[in-house]
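Asks: With the sequence up front, the predicted model follows.
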Amino acid sequence: MIRDARVLRAGFVPREVEHRDAEVNHLSSVLEPITNGEPADTAIVTGPSGTGKTCISQFVTERLREEVLDVETTYVNCWRNYTRFRTLYQILDDIGATIDIHRQSTPHDELVDRLQQHDGLRTVVILDEVDQLEDPSLIYDLHSLPQFAIICIANKEEDLFGRVDDRLVSRLRSSEHVRMDKYRDKQIYDILSARSKWGLDENVITDDQLYQIADAAAGDARLAIGILRTAASTADRENHDRITDEILRDAAEDARAQIRQKSLDSLTPHQRAVYDIVRDHGPVGPSEIHDRYLEKVDDPRTKRTVRTYLSKMTQYNLVKSEGTSRDRQYALLTGTTQSPAK
DNA sequence: AGTCCACAGGAACTCAGGGTAG
DNA sequence: CTACCCTGAGTTCCTGTGGACT
């Protein structure tokens, strides 16, 4: 059934990227100066989730590493490392400059200094989900250092520009910008087809089923591959020699549920309590949420903190908010594409 | 039109936890 | 061991917005 599980995993970077030639070439050309030992411009990659932003960024930097000897690359997911400290630490860790840095008692500035003094190899830093960064000034820190080339990945351009200050906006506006659109069903089909050829035995899944997945994923390649993976592993576990339509139907549900569960697991008990209220009573306004929350937990947090929770969960696509001011309502976000980032 | 109220989210602050230097 | 430092979560305070009510 499953020949090579790696190609079905979420972070897998394929040897060839389907349907993204223009974007790959564009991004490569931005990093081009590095092949001559010169500093490269900052690149911004935007597009909805599952359009291959992370994939092409890693693909292009991998290829750069094959071409050029003295270049390092590092990948930071800013959603998981959302504070300035953690992001900086992660970068330093990757370039091997954290030996004597201790987690709690080192000031931010010390980390920036450390980066400044880093005169080793030129380094391409991929900042994924950069719009999740709580303090975007980090981009500025890196931007001013010539030995680092930055690839900023964000879902929406506005989310990125809306939160940084003016001087950085003007600099970023002049950066090279790679925009990615949602895949069409045919393109998703091609991606799935390539993956199943490498990852699965022959005749495990039909073309028609691949199109069903493409349809269910609505342009989101990550979700599509997730559905394929889930379906394949279910079929494998249950000793089928091919993927049935029933398995496929369930897999589409499961794949979405898994993505949601991942976000859910990152919530604190208090945040979870707020989420449960929205789930059980939504759509619901902020005051009712807080009233119910007060009933429900010991040692409740303040309204302001609950608002922070709600906005965080909105970012994670766990809940959605509708309306402004008085008629603001929160409800669970279900159905369409779920992803950790907005 | 003016007032009121609920709400969003920024800024500054406090506090606890984990760490260091001496 | 003690005095001190840093971070990060949460709180307090505050400003801006927009609908509802008079």
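Replies: Cool, the structure landed.
Asks: Quick check: buried residues in the longest helix seen in chain A?
Replies: In chain A, taking DSSP state H as the definition, the longest helix is helix A:245-265. Residues of helix A:245-265 classed as buried: A:247-248, A:251-252, A:254-256, A:259-260, A:263 (neighbour count, 16 or more other Cβ atoms under 10 Å). Using the backbone N, CA and C atoms, a C-beta is placed for each residue, glycine as well.
Asks: can you give me how far the helix or strand that comes right after it is from the chain middle?
Replies: Next helix or strand after helix A:245-265 toward the C-terminus (DSSP states H and E): helix A:269-281. Distance, stretch centre to chain centre, for helix A:269-281: 24 Å (Cα atoms, centre = their mean, to the nearest Å).
Asks: quick revisit: what about dumping the CA coordinates of the longest helix of chain A to CSV?
Replies: In CSV, the C-alpha atoms belonging to helix A:245-265 read as follows (Å, rounded to 0.1, in the frame of the first residue of the first chain):
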residue,chain,number,x,y,z
ASP,A,245,-14.8,5.7,-1.4
GLU,A,246,-15.9,5.3,2.2
ILE,A,247,-12.4,5.7,3.5
LEU,A,248,-11.9,8.7,1.3
ARG,A,249,-15.0,10.4,2.6
ASP,A,250,-13.9,9.9,6.2
ALA,A,251,-10.4,11.0,5.4
ALA,A,252,-11.6,14.4,4.3
GLU,A,253,-13.2,14.9,7.6
ASP,A,254,-10.3,13.5,9.6
ALA,A,255,-7.8,15.6,7.9
ARG,A,256,-9.6,18.8,8.7
ALA,A,257,-10.2,17.6,12.3
GLN,A,258,-6.5,16.8,12.7
ILE,A,259,-5.5,20.3,11.7
ARG,A,260,-8.1,21.8,14.0
GLN,A,261,-7.0,19.5,16.8
LYS,A,262,-3.4,20.7,16.5
SER,A,263,-4.5,24.3,17.1
LEU,A,264,-6.7,23.2,19.9
ASP,A,265,-3.9,21.4,21.7
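Asks: That helix - contacts with which helices or strands?
Replies: For helix A:245-265, the packing partners by 3 or more Cβ pairs under 8 Å, 6 or more residues apart in numbering; DSSP states H and E come out as helix A:207-217, helix A:221-237.
Asks: list the contacts for the closest residue to DNA strand B within the stretch 151-300 of chain A?
Replies: Using Cβ to the nearest atom of the strand, the closest approach of the stretch 151-300 of chain A to DNA strand B is made by residue A:287 at 3.3 Å. Applying Cβ atoms under 8 Å, 6 or more residues apart in numbering to residue A:287 gives no contacts.
Asks: Regarding it, what is its secondary structure?
Replies: Recorded secondary structure, residue A:287: helix (DSSP: H, G, I helix; E, B strand; the rest coil).
Asks: quick one on the thing from earlier: please see if the longest helix of chain A touches DNA strand C.
Replies: No: judged by Cβ under 7 Å from any atom of the strand, helix A:245-265 stays clear of DNA strand C, getting no closer than 14.9 Å.
Asks: show me where pLDDT drops low in the stretch 1-150 of chain A?
Replies: Low-confidence segments of the stretch 1-150 of chain A (pLDDT under 70): A:97-108, A:119-120.
Asks: Apply 90 and report the result again.
Replies: Along the stretch 1-150 of chain A, the parts satisfying pLDDT under 90 run over A:1-21, A:34-42, A:46-52, A:66-123, A:127-149.
Asks: Residues of the stretch 151-300 of chain A that sit close to DNA strand B?
Replies: Residues of the stretch 151-300 of chain A lying near DNA strand B (Cβ under 7 Å from any atom of the strand): A:285-287.
Asks: And for residue A:26, the neighbour number?
Replies: Burial of residue A:26 is recorded as 18 neighbouring residues (other Cβ atoms under 10 Å).
Asks: if we can go back for a sec, between the helices and strands packed on helix A:245-265, which one is closest to residue A:68.
Replies: helix A:221-237 (28.2 Å; Cβ to Cβ).
Asks: tell me the mean pLDDT over that closest one?
Replies: In this model, helix A:221-237 carries a mean pLDDT of 90.
Asks: which helices and strands does that helix pack with?
Replies: helix A:185-199, helix A:207-217, helix A:245-265.
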